[in-house]
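> Sequence below, structure please.
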Amino acid sequence: MKINVIMCGGTTSIIVFITFIILIQTSSIVNGIKCYCDICADDNNTCTTDGFCFASSTRKDDTIIHDYRCYDKETVFPSSDFSAWCNDDGVHGSPDGSEFVIECCQHANYCNRDIKPFFRPQMADSYRVTSAGGVGAWSTWKVALTIALPICGICIVVMIIYHVHLSRQRPARHFPDDSMEAPDQPILGGVTIRDMLEMTTSGSGSVGLPLLVQRSIARQIQLVETIGKGRFGEVWRGRWRGENVAVKIFSSREERSWFREAEIYQTVMLRHDNILGFIAADNKDNGTWTQLWLITDYHEKGSLFDFLNRTTVDVDVMIKMAHTMATGLAHLHMEIVGTQGKPAIAHRDLKSKNILVKINGTCAIGDLGLAVRHDVITDTVDIQLNNRVGTKRYMAPEVLEETINMNHFDSFKRADVYALGLILWEISRRCNVSGMHEEYQLPFYDVAPSDPTIEEMRKVVCIDRHRPTIPNKWCTIEALALMSKVMKECWYHNAGARLTALRIKKSIASYIALNGIK
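Below is the predicted model:
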């Protein structure tokens, strides 16, 4: 069901938030329905879902292919009630030159059987009335007006109170339009991004700002400086509401990677101190092409890779970093059971460049673009079909040998632990004890080239069985001896013998408790 809201002009974030709450409260919940599925021959071409049935048409050259499947509620993005995929209009392009269009429905069993989405020009309107049983135009307007009229009254009262308060506190300020520099100070009486996120979650464990805020945030952010580049695009430091944010900008060719990473970040109950904080996903037309933005917390110390290249760490910081990394990974790997439960997630591209260092010296795991989730009901892994692979230098032996069981979720968790062991080694080398420390190096720097191929890493790790060298002097220092023991148990060739992230977390926590590390 699609519900559209007509908003008053000049709304503030408070009004958007009120609208979002009302929309959530008026949304209906649809239980499982049966859908026509063209790839489910063994199940009489039927699949069952708690989300939507969908039909899609893909056009390349003069050929049009129709697909019919289920779209489960837990994979709906940005939230379980609002699907950008279903609600988005127009024709989408793909890197191979093909175009596709989608229609969803949920009003009856097999409602998608007779749908054949047709190709149309991009529509400026924010909704479309489909043959799939969506909300009709007149019904939509009645619902919208019923909700909008009282909201407009609230808007007027809130804006009057706000402007009266603002005029008493300080002289009026005039900001340029949203294409120019963003305000230097937070608006709405100093409500921070964290405040807004906490109001949005309301204990439910959901992540990110309200949907209506996310859909306009890209126009309100001022990009300040580039802080990183990758195969997907660039990372910028931006300013929004007087605060720094990190903006990961994907090219239009990487739409599926952007969509997937945003989808993973918005997994219910994922928010954690040691997971990079997600704020919003949005797109922005710069006049030539469309940019796809992923907005997250900004950490001025940068990635662990950059941090270790710049400076050494003492024993306490080393232990704190190791413990918070293991804590974040344990949370990622853990399944939380309940109506607002969280599926177990494996990262699949863990490395020092994907770990962020916070101002207090703790770490947060970022870049979830390759992550996979475990569906405990069907015992399956929702691995995406794309050309991206993890970083070769950090690949576990079973990944390099292609013997990993892709249908067994624990296999991905064990590969993450192998990579974590290599990162612990990177930190340990930079531990400064009595003025002694090693220079920063990547794992296998002495036996593999700077940009190794999978074949070269397979020879190093699987055939020659090399592992990073552990200096003898580490055994004489209690903290480094602990780190040495843990990392060795992370990179066993036999994946089943490796520690779990939770076991690593507990081992380091015991050391912290015994030594009174804050």
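
> And the helices in the protein?
Listed in chain order, the helices of the chain (DSSP state H) span 13-26, 84-87, 137-169, 193-201, 211-214, 255-265, 304-310, 315-333, 397-400, 409-429, 454-458, 478-490, 501-515.

> Which pLDDT does the model give residue 20?
On pLDDT, residue 20 comes in at 52.

> repeat for the one 3 residues further on
In the predicted model, residue 23 carries a pLDDT score of 47.

> try residue 430
pLDDT, read off for residue 430, is 97.

> Pretty sure it sits against residue 314.
No. Counting by C-beta atoms under 8 Å, residue 430 does not reach residue 314; the two are 10.0 Å apart. In this view, the C-beta of every residue, glycine as well, is placed from N, C-alpha and C.

> Which of those two has more residues huddled nearby?
Taking other C-beta atoms under 10 Å, residue 430 and residue 314 do not tie; residue 430 has more neighbours (22 against 14).

> Contacts only, for the more buried one.
Each residue near residue 430 by C-beta atoms under 8 Å, 6 or more residues apart in numbering is listed here: 308, 311-313, 318, 437-438, 440.

> Compare those residues and tell me which is most surrounded.
residue 318 (23 neighbours).

> What distance do you get for the nearest residue to that one once chain neighbours are set aside to residue 313?
Excluding the flanking residues, the one nearest residue 318 by C-beta to C-beta, 6 or more residues apart in numbering is residue 431, at 4.6 Å. Per C-beta to C-beta, to the nearest Å, residue 431 is found 6 Å from residue 313.

> Same question for residue 359.
Relative to residue 313, and taking C-beta to C-beta, residue 359 is found at 15 Å.

> do residue 443 as well
17 Å.

> ok so, going back, mark which of the contacts of residue 430 are part of strands, please.
For the contacts of residue 430, not one is inside strands, with DSSP state E as the criterion.

> a markdown table for those residues, including pLDDT?
A markdown table is the format used below for the contacts of residue 430 (pLDDT from 0 to 100):
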| residue | pLDDT |
| --- | --- |
| 308 | 97 |
| 311 | 96 |
| 312 | 97 |
| 313 | 97 |
| 318 | 97 |
| 437 | 91 |
| 438 | 93 |
| 440 | 97 |
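
> wait, which of the residues you listed is closest to residue 502?
The nearest member of the contacts of residue 430 to residue 502, counting by C-beta to C-beta, is residue 318 at 20.3 Å.

> May I have the residues that are in contact with that closest one?
Applying C-beta under 8 Å, 6+ apart to residue 318 gives the contacts 427-428, 430-431, 479, 483.

> can you rerun that using 10 Å?
312, 361, 424, 427-433, 479-480, 483 (C-beta atoms under 10 Å, 6 or more residues apart in numbering).

> try residue 110
Applying C-beta under 10 Å, 6+ apart to residue 110 gives the contacts 33-37, 45-46, 53, 68.

> ok, now residue 74?
49-51, 80, 267-268, 341, 343, 373, 375, 377, 382.

> The nearest residue to residue 315 once chain neighbours are set aside and residue 272, how far apart?
Excluding the flanking residues, the one nearest residue 315 by C-beta to C-beta, 6+ apart is residue 479, at 4.5 Å. Distance from residue 479 to residue 272, counting by C-beta to C-beta: 25 Å.

> ok, residue 259 touching residue 250?
Yes. Counting by C-beta atoms under 10 Å, residue 259 touches residue 250, with 9.2 Å between them.

> got any residues that touch both of those two?
281, 292, 294, 369.

> what would those look like in TSV with distance to residue 464, neighbour count and pLDDT?
Compiled in TSV, these are given as follows (distance: C-beta to C-beta, whole Å; neighbours: other C-beta atoms under 10 Å; pLDDT from 0 to 100):
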residue	distance to residue 464	neighbour count	pLDDT
281	43	29	89
292	41	24	91
294	39	26	93
369	31	28	89
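
> Looking at these, which are in strands?
Among the shared contacts of residue 259 and residue 250, the members falling in strands are 281, 292, 294 (criterion: DSSP E).

> which one of those residues is nearest residue 400?
residue 294 (29.3 Å).

> domains for the protein, by residue range?
33-135, 190-298, 304-515 (automatic domain parsing).

> Could you tell me how far the last one lies from the centre of the chain?
Averaged C-alpha coordinates place domain 304-515 at 19 Å from its chain's average position (C-alpha atoms, centre = their mean, to the nearest Å).

> Quick check: end-to-end length of that domain?
End-to-end distance for domain 304-515: 24 Å, by C-alpha to C-alpha, to the nearest Å.
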